[in-house]
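Asks: I would like the atomic coordinates for the input below:
(4 chains)
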There are 2 protein chains.
Amino acid sequence: MILKSQVEWALHCCTILAGLPNGRYLSTKALAEFHGVPKEYLSKALQSLSQAKLVDSTLGPSGGYRLSRPAAEISFLDVVEAVEGKERTFVCNNIRTNNPCRPKSYCEAGPCAIARIMWEADEAWRASLRSVTLAALIQTLEKEIPVTLWQSSSEWVLNRAG
Amino acid sequence: MILKSQVEWALHCCTILAGLPNGRYLSTKALAEFHGVPKEYLSKALQSLSQAKLVDSTLGPSGGYRLSRPAAEISFLDVVEAVEGKERTFVCNNIRTNNPCRPKSYCEAGPCAIARIMWEADEAWRASLRSVTLAALIQTLEKEIPVTLWQSSSEWVLNRAG
DNA sequence: CAAATAAGGATAAATAATATCCGTATTGGG
DNA sequence: CCCAATACGGATATTATTTATCCTTATTTG
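Replies: This next block holds a predicted model:
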């Protein structure tokens, strides 16, 4: 059980978009080039972000994507769920109903106890992702990344932003 | 990203094994029949449990599996990791190194900040799974499952246990 | 009007999950 | 001692998912 690489790409793209000056857009092409990933496939991830309303898009030359709201109001969970979907990571197939001793008429009261425990863990995972915003990530990155690299990257992006 | 169905099967099988009288074994065949799942494929899941030393196995007629230690000392995480592996659910491909502004000689200090946050959530998931034992599960099930069904299932299993 | 873009459908390739089959070694019961 | 039942592991097949590419359409900027 491994998350799609699109999750990683989407998070990195959101990080870049969060650094854009207000109102500017950045294209799929620029994002793909910056991260060294295939443009056509990255495009699918960005479309997922768009459908989840995490980003706005605009057409034409100088078109592209920007965050649809402040980075402080977008969590890791928002991005992960936009790409992976909101379904739980554990699916209960209710195999308890295959118990040969179970009366045909018997109707289970609620979800299987095993599923409930697995779903609780799933929720713990989501709660952790929900607790971190893109703004918090950027704050961390600003401390960690050398100033020169940070600045040159900003310039690179700005040169390509519509 | 969805867990293998073998995880569900393994958890249900461990539940049954936890209910066995001390020293008795239950075969793959019986476990497969009880849960209505394919015997040959379930066998792979049980082999995973065996390799992880969560269960002991014995050969020959009246052979099968039993828990290798008390149910109170086996957590959901033990079972999940036995089947799914211990690898983290988020893989960092370090695409930050593709940044066109990054000097060729530049050496990253530590893991990517994005990966660290994803791994923290992964750890929250594992911590939740680690906190629940098979013994706790059984305690819950004893309350939820009708006594008649509980007893008839016990008998069914006991009739087939070596 | 031309070039660049997002969006989305169709398709292909690669990988992982699900499943079956078979041979081997081991064990308990007759 | 022999036979049947078993765990184990390897090989293979089938299906679903992930990864990726290609192409068409509508839209927008200059």
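
Asks: Residues of chain A that sit close to DNA strand C?
Replies: Residues of chain A found near DNA strand C (CB under 7 Å from any atom of the strand) are A:1-2, A:27-30, A:40, A:43, A:46-47, A:50-51, A:57-65. Any C-beta I mention is one placed from the backbone N, CA and C, and that applies to glycine too.

Asks: Give me the subset of the residues you listed that lies in strands.
Replies: Using DSSP state E, the subset of those located in strands is A:57-58, A:64-65.

Asks: Weed out the non-buried ones from those residues.
Replies: A:57, A:64-65 (16 or more other CB atoms under 10 Å in any protein chain shown).

Asks: Could I get the buried residue list for stretch A:28-36?
Replies: By neighbour count with 16+ other CB under 10 Å, stretch A:28-36 contains the buried residues A:28, A:30-35.

Asks: Put together a markdown table for those, with distance to chain B on each row.
Replies: Formatted as a markdown table, these follow (distance: CB to the nearest CB, whole Å):
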| residue | distance to chain B |
| --- | --- |
| A:Thr28 | 15 |
| A:Ala30 | 10 |
| A:Leu31 | 11 |
| A:Ala32 | 10 |
| A:Glu33 | 7 |
| A:Phe34 | 6 |
| A:His35 | 5 |
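
Asks: Tell me the buried residues in stretch A:109-124?
Replies: A:112-115, A:117-122, A:124.

Asks: related to what we said a few turns ago, return only those of the residues of chain A next to DNA strand C found close to DNA strand D.
Replies: Near DNA strand D, judged by CB under 7 Å from any atom of the strand, the entries from the residues of chain A next to DNA strand C are A:40, A:43, A:58-63.

Asks: anything in stretch A:132-148 sitting right up against chain B?
Replies: Yes. Contact of stretch A:132-148 with chain B (CB under 8 Å from any CB of the partner chain) involves A:132, A:137, A:140-141, A:144, A:146.

Asks: neighbour-wise, which of these leads?
Replies: For the residues of stretch A:132-148 next to chain B, the largest number of neighbours (other CB atoms under 10 Å in any protein chain shown) sits with A:Leu137, at 21 neighbours.
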